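A.B. asks: sharing a model prediction with you, sequence too.
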Amino acid sequence: MHNTLASLVERALVGDPRPLEFYLREQSRLPGARANLELVNDLSHLLAVLTSEQPDKVQALLDYLIRNDHIESNTPAEFVMLCGIVASGACAAALPGWREETFALLGRHACSTSWRIREGVALAFQHLLPAAPQETINCLTGLAANGNYYQQRAAVGAIAEPPLLHTPDMIVAALTIQQVVLERLHSAPGADRKREDFRTLRQALGYTVSVVTAAAPEKGFALMRDCAAWDDADIKWVLRENLKKKRLAKFVEEVEELSRLLAS
């Protein structure tokens with residue numbers, strides 16, 4: 001696969017992207033339950049390596065892959081766009097001058113009607129976080145504080161990744177982003193709470209809080225206790241979902257205390 005992919009990328013960069021697109025479609029595993037994320041990662045890595053040498057050609061290829069704004073879910077066409085979104089993050093991680101424009105691109109596509117594209121946005125941010133931590137944290141914090149429900153979902157999901165949560169600054173940022181979004185969820189009007197975008201955000205928070213809490217138990221459980229006191233049905237659902245996660249099972253006393261608070 002690697003030799004084939006490399007030759008097709010080389011061909012695409014000299015102005016013939018169609019064979020690469022056909023290959024991505026053919027190898028997408030869509031329609032199906034699981035897209036070919038290994039191929040997404042392979043393409044992202046390959047283009048990131050080539051970015052500094054051939055930035056204009058790589059940019060043109062990314063534009064080609066992401067050119068369709070309206071696509072059907074669970075299709076090979078969706079996979080092609082997914083590849084472009086994730087690769088955009090990987091390439092911007094390698095080339096600082098691309099980051100501002102890429103952050104704007106990811107912010108737009110965080111609102112996609114396709115859940116796979118929204119997941120791709122989170123993966124793209126996860127390429128950027130190790131390479132440009134403060135820039136990316138600033139972007140995610142902005143989405144958390146000012147974005148719509150889908151953009152907030154991108155913020156909490158992108159930074160709630162265990163391999164990323166190994167520095168104090170990243171952990172503090174992850175806690176702050178979860179808190180900001182939980183507070184915004186709590187303040188959401190009743191009319192919003194049956195909407196799909198709200199429920200998508202709520203579902204994401206149902207696991208992201210536990211990821212961050214596992215990395216910073218004292219502050220994470222303190223945040224969860226504060227949220228439990230709000231007596232908000234949607235927030236209580238979020239907290240109960242997080243308490244079910246195996247990553248928190250070793251914190252027996254904290255989980256039991258929170259369970260009691262939620263039951264009262």
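C.D. replies: Nice, I can see it.
A.B. asks: tell me which element the residue nearest to L106 when sequence neighbours are not counted is part of?
C.D. replies: Leaving aside its sequence neighbours, L106 sits nearest to V121 (CB to CB, 6 or more residues apart in numbering; 4.9 Å). Backbone N, C-alpha and C define where each C-beta goes, glycine included. Element membership for V121 (DSSP states H and E) is helix 115-131.
A.B. asks: list the buried residues in that helix.
C.D. replies: By neighbour count on 16 or more other CB atoms under 10 Å, the buried set for helix 115-131 is 116-129, 131.
A.B. asks: one more: stretch 144-155?
C.D. replies: Residues A144, G147, Y149, Y150, Q151, Q152, R153, A154, A155 are the ones in stretch 144-155 that count as buried (16+ other CB under 10 Å).
A.B. asks: could you export the residues you listed as a markdown table, including distance to H166 and secondary structure?
C.D. replies: A markdown table is the format used below for the buried residues of stretch 144-155 (distance: CB to CB, whole Å; DSSP: H, G, I helix; E, B strand; the rest coil):
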| residue | distance to H166 | secondary structure |
| --- | --- | --- |
| A144 | 21 | helix |
| G147 | 26 | coil |
| Y149 | 29 | helix |
| Y150 | 28 | helix |
| Q151 | 26 | helix |
| Q152 | 24 | helix |
| R153 | 23 | helix |
| A154 | 21 | helix |
| A155 | 19 | helix |
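A.B. asks: what's the most distant pair in those residues?
C.D. replies: A144 and Y150 (12.1 Å; CB to CB).
A.B. asks: pretty sure the residue nearest to L106 is touching H109, no?
C.D. replies: Yes. V121 lies in contact with H109 (CB atoms under 8 Å); the separation is 5.3 Å.
A.B. asks: got any residues that touch both of the two?
C.D. replies: Contact criterion CB atoms under 8 Å, 6 or more residues apart in numbering; residues shared by V121 and H109: I85.
A.B. asks: neighbours around P17, how many?
C.D. replies: The local packing of P17 (other CB atoms under 10 Å) involves 19 other residues.
A.B. asks: any idea how far the nearest residue to it once chain neighbours are set aside lies from D231?
C.D. replies: Nearest non-adjacent residue to P17, counting by CB to CB, 6+ apart: Y64, 4.9 Å away. From Y64 across to D231, the span is 51 Å (CB to CB, to the nearest Å).
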